[in-house]
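Peer 1: sequence-free structure coming up:
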């Protein structure tokens, strides 16, 4: 409790100095022992009690790379659309073959959300926006780890894999090592149960978090089967969802499509959160 109180004091002190930019950088979550467990917090107000919704950004990087600055482009769009919401752009422990991201990266998301929930009002809720591996983690956390607490009310998957046991991956030997930083140096053939356990689609139920997703029709890293597999399951269970496929690869879309994505996310949040 003492450590948590010090962290809150740090946020308030830092925010009072940096409020002109709206950003409090590198706030520690967890027990503060790992330098990767930090987040940038963007505050709409110094009145913590007035903040009831927080958008959490989760970067990609094939579970073994990337950084929170990769998601910084989302911040001004979300601030413009939701000026009363806080935004947290988080780092997390990266995976390696020897120390895979599953499940420690989900543990980090849980620690980050627990810290935010205890720092603001108790009825604060979240939307997760994840890109690529971050989209996978956002869905996996929302569907599996938050299924009882239901703190996450909406998920945005930006080119996030939905089912890593999909034959679309299994039939592409060039992609087999893509998941080694997530599950360790073990292929789907060798460890099918592990791949199933690390796939968001495994945990979809009728109570699953409302989801919106965006994919490219020429994305080598996310086979074209990935999005329809998830959408079919969500539709069959009556879970509100919306998915869009743009012309292009792994997020390298024209500006008009980026604008359309932001508009859709804004509408989805306004409708479902």
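Peer 2: That came through, no problem. Predicted model, so just to flag it, every value in this text is computed and none were measured.
Peer 1: count the neighbours of residue 251 for me.
Peer 2: Other residues within reach of residue 251 by the criterion other CB atoms under 10 Å amount to 21. Every residue, glycine included, has its C-beta placed from N, CA and C.
Peer 1: same question for residue 161.
Peer 2: Taking other CB under 10 Å as the neighbour definition, residue 161 ends up with a count of 29.
Peer 1: got phi/psi on it?
Peer 2: Backbone torsions for residue 161, taken as degrees, to the nearest 10, come to phi -60, psi 140.
Peer 1: which SSE is the spatially closest residue to it that is not a sequence neighbour in?
Peer 2: In space, and not counting its chain neighbours, residue 161 is closest to residue 136: 4.7 Å by CB to CB, 6 or more residues apart in numbering. Under the criterion DSSP states H and E, the helix or strand holding residue 136 is helix 133-140.
Peer 1: one more: residue 36?
Peer 2: When elements are defined using DSSP H and E, residue 36 is found to belong to no helix and no strand.
Peer 1: report pLDDT for the closest residue to it other than its chain neighbours.
Peer 2: Once its chain neighbours are removed from consideration, residue 36 has its nearest residue in residue 93; the separation is 4.7 Å (CB to CB, 6+ apart). According to the model's per-residue confidence, residue 93 sits at a pLDDT of 98.
Peer 1: likewise residue 111?
Peer 2: According to the prediction, residue 111 has pLDDT 97.
Peer 1: so it touches residue 37, yeah?
Peer 2: Yes. Checked against CB atoms under 8 Å, the pair residue 111 and residue 37 is within contact range at 6.7 Å.
Peer 1: residue 158 versus residue 165, what's the distance?
Peer 2: 21 Å (CB to CB, to the nearest Å).
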